[in-house]
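**Q** Quick check, what structure comes out for this input:
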Amino acid sequence: MPKASTLTLIPSSSNGTIIEVITVGIWGARAGSGEELGPSRATPPATCYHSYPSRMRLRRRIPAFVGVLLFLAAIAIIVLLRKHAPPEPARLLPGADGFLYVNLQWMRRTDVGSHPSPIQHDPEYERFIQETGFDFERDLAQAAIAIHYASLATQQETRYSEVIVAHLDGEKLRAYLKKVASSVEDFEHVEIYSIPVEGHTFRIAILGVAVCTPHLCTMVAGSNHPDPEVIQGMIHRSHKMASPFGGPALLRQFYKQVPQLPLPSLGWAIFKINSSTPALTTPLAFPGPATIVASVQYLGDVHFRAEAFTKNDAAAQQLSLQANTFLKIFESAEISVSGQQPDPDFDKTMKSVQVTQKKYRVVLTAKIPSDLVRKVVSEAPLGLTPSGSGK
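**A** Model prediction:
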């Protein structure tokens, strides 16, 4: 039988002793005995034992580093989704046939539509301001409105649901609502105030606190839809408000068409046009069902954009021809009625209007000088305020 290879330990007074001690500690040999180690006790290839701690530390750090990367990636995805998702007040709205949104915070920062004259309120609205401390013109930050076209569900009347974000005193508002409400019910720990308004029941609920730069605001929901489940659904969705995937189907489908660059839109509207059940009075006869997406941006001037999504290219072509014809008639009628050249800002606006067709879409754009907007607002009649609603 061939002799197996052996390793003989030679005692040493210096480095050899260290080697012997390490060998005994690992392999169980008796230091200094000169015993030969058999094949079953042969030493493994020489390895620097100082590398083991560093490898262990590296192995522990890699999972932690990967976890941090995944966490940051998740945050980035959520931020991106929320950036392209409708505003939170709009995501709380119920399914409807049309949606309106306005951000008055941006309007006040850009000074678009500022009213230089003091606004005179009717006595009832003035009492509301005194008791709640809330003035729509001064304190409203955002408003999102859902339009329910007349149908059997709405008792053949157009109804509205809304969510507002405003600077207000929640306790004062609750005290006022309790005083004017005919009944108060609790739904998911939120009180719903039912207020009779012009033969209908307007339901209001205070949803909680919302972020309003630079202060915190209060979010309030309301609806005059006859079905109480409409406002109950708004309350339920408010508990999951941070989700960027929420919102009515029509809103989720078309909100991506609202311009948000280089600055967010000051306001926008998304609504359906259906010739069989006309709910809106329009100067154009739409050749079939369509969806309108309109928006307003402030980029030095006020940029208006309206886009119609029709059923096919032929319908878009017909609508485009009607729009161009209407604009020409309107411009010539304006000059003939006034008997003089139009206002320079108005003339500039009319010359900026463009109507283009892109397959099944028709796009209308216009640039409105800020001076014209301020002029129109300043000449508007005073005293046009909410009345008789008890809101």
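
**Q** residue ranges with poor pLDDT in the stretch 201-350 of the chain?
**A** For the stretch 201-350 of the chain, the stretches with pLDDT under 70 are 213-214, 241-245, 275-283, 333-342.

**Q** Now do the helices in it.
**A** Applying DSSP state H, counting those that start in this stretch to the stretch 201-350 of the chain gives helices spanning 229-238, 249-254, 313-338, 344-352.

**Q** from those helices, which stretch is densest packed?
**A** Of all those, helix 229-238 carries the top mean neighbour count, a mean of 19, counting by mean count of other C-beta atoms under 10 Å. In short, each C-beta sits where N, CA and C put it, glycine included.

**Q** and that helix, what does it pack onto?
**A** strand 159-166, strand 190-197, strand 200-212, strand 215-223 (3 or more C-beta pairs under 8 Å, 6 or more residues apart in numbering; DSSP states H and E).

**Q** Just grab the bridge partners of Ile147 for me.
**A** Beta-bridge partners for Ile147, by DSSP bridges, are Gly98, Tyr160.

**Q** thinking again about what came up before, nearest to Tyr125, of the helices and strands packed on helix 229-238?
**A** strand 190-197 (13.4 Å; C-beta to C-beta).

**Q** ok so, going back, can the helices of the stretch 201-350 of the chain go into TSV with extra columns for distance to Gly267?
**A** Below are the helices of the stretch 201-350 of the chain laid out as TSV (distance: least, C-beta to C-beta, whole Å):
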stretch	distance to Gly267
helix 229-238	21
helix 249-254	14
helix 313-338	21
helix 344-352	18
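
**Q** Of all the ones you listed, which one is nearest Phe271?
**A** Closest to Phe271 of the helices of the stretch 201-350 of the chain, according to C-beta to C-beta: helix 249-254, at 8.4 Å.

**Q** can you redo the helices and strands packed on helix 229-238 as JSON lines with mean neighbour count and distance to Lys351?
**A** Converted to JSON lines, the helices and strands packed on helix 229-238 look like this (neighbours: other C-beta atoms under 10 Å; distance: least, C-beta to C-beta, whole Å):
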{"stretch": "strand 159-166", "mean neighbour count": "23", "distance to Lys351": "36"}
{"stretch": "strand 190-197", "mean neighbour count": "18", "distance to Lys351": "44"}
{"stretch": "strand 200-212", "mean neighbour count": "18", "distance to Lys351": "38"}
{"stretch": "strand 215-223", "mean neighbour count": "20", "distance to Lys351": "40"}
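
**Q** Which one of those lies nearest to Tyr360?
**A** Minimum separation from Tyr360 across the helices and strands packed on helix 229-238 (C-beta to C-beta) falls at strand 159-166, 29.9 Å.

**Q** what does the helix or strand just after the closest one contact?
**A** Remark: after strand 159-166, the chain's next helix or strand is helix 170-180, criterion DSSP states H and E. By C-beta atoms under 8 Å, 6 or more residues apart in numbering, the list of residues contacting helix 170-180 from outside reads 128, 131-134, 184, 191, 193, 195, 204, 206, 218, 220, 390.

**Q** now with 7 Å?
**A** Residues from elsewhere that reach helix 170-180 (C-beta atoms under 7 Å, 6 or more residues apart in numbering): Glu131, Thr132, Gly133, Phe134, Val184, Tyr193, Ile195, Ile204, Ile206, Thr218, Gly390.

**Q** Cool, thanks, signing off.
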